[in-house]
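Participant: what's the 3D shape of this:
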Amino acid sequence: YAPQLRRLEKALEGSIESIWRSMTQIHELGKHAEQLQQSQSTLHETLNDLIARIETVDLAAREVDETVPLEVVHRIDRGENPDEVIKKYLEDAMVKNVRARARVFGAHALESSLSGYLKMWDEDDDDLKNNGGNNASTSSSGRGDGGEKNSSSSSSEIPTSNSS
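Facilitator: The predicted structure is shown next:
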C-alpha cells in the first residue's frame, strides 16, 4: 500500500494547505469589506481549488483498503496522542484475543472431556447389550440381580450386587 498511502498523504497535505489559504482569505475578506469585488474572484478560485483537492483526497482514499476503528478516530479528535491511542487500542485487542483463545481452549478441553465420558458410557452400554443384560453389577431391570430371580433365594431376601 506504500504508493497509495503516499498519494493519499500528498492529497491530504494539499487539502490542508488549500483550507488554510481559504480560511486566511475569508478572514481577510471580513476585515476589508470594501475590497469585496476583488477578493471575491480570488475566494472563488481558492474554493474551487479546495473542492478539487477534496476530490483528489477522495480518489486517493478509495485506493487504500485500510480501516481505522471509529473509537480511535473519536479519541484522536478529542485531542489524545494518536500513538498512545493506537498503542492502547492494540493492547486492549491483544487482551481480548488472549481471553478469546482461553475460551476456545476451555471449550475444546470440555468437549474432549465430555467425549471421553460419553465414549466410556457408550462402551458400558455396549457391554450390557453384548452380555444380554446379564451383567452382575447392573441390569435392565435396575435390581442388580441380572433381571432374574435366583432360584436359591427367597422372595423375602433383598437382592445384593456382587460388584467390588
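Participant: Just name whatever secondary elements the longest helix seen in the chain is in contact with.
Facilitator: Longest helix in the chain, counting residues (DSSP state H): helix 82-130. Secondary-structure packing of helix 82-130 (3 or more Cβ pairs under 8 Å, 6 or more residues apart in numbering; DSSP states H and E): helix 70-77. The way it works is simple: take the backbone N, C-alpha and C, and place the C-beta from them, glycine included.
Participant: list the buried ones in the helix it packs on?
Facilitator: Buried residues in helix 70-77, counted by 16 or more other Cβ atoms under 10 Å: Val72, Arg75.
Participant: What is the distance between it and the centre of its chain?
Facilitator: Distance of helix 70-77 from the chain centroid (Cα atoms, centre = their mean, to the nearest Å) equals 18 Å.
Participant: So which elements touch it?
Facilitator: Identification of packing neighbours for helix 70-77 by 3+ Cβ pairs under 8 Å, 6+ apart yields helix 82-130.
Participant: and the helix it packs on, how far out from the chain's middle?
Facilitator: Worked out by Cα atoms, centre = their mean, helix 82-130 lies 17 Å from the chain centre.
Participant: can you state the direction angle for the longest helix of the chain and helix 70-77?
Facilitator: Orientation check (axes from the mean of the first three to the mean of the last three Cα atoms, to 10 degrees): helix 82-130 against helix 70-77 gives 160 degrees.
Participant: Measure how buried Ala11 is and give me the count.
Facilitator: Ala11 has 19 neighbouring residues, counting by other Cβ atoms under 10 Å.
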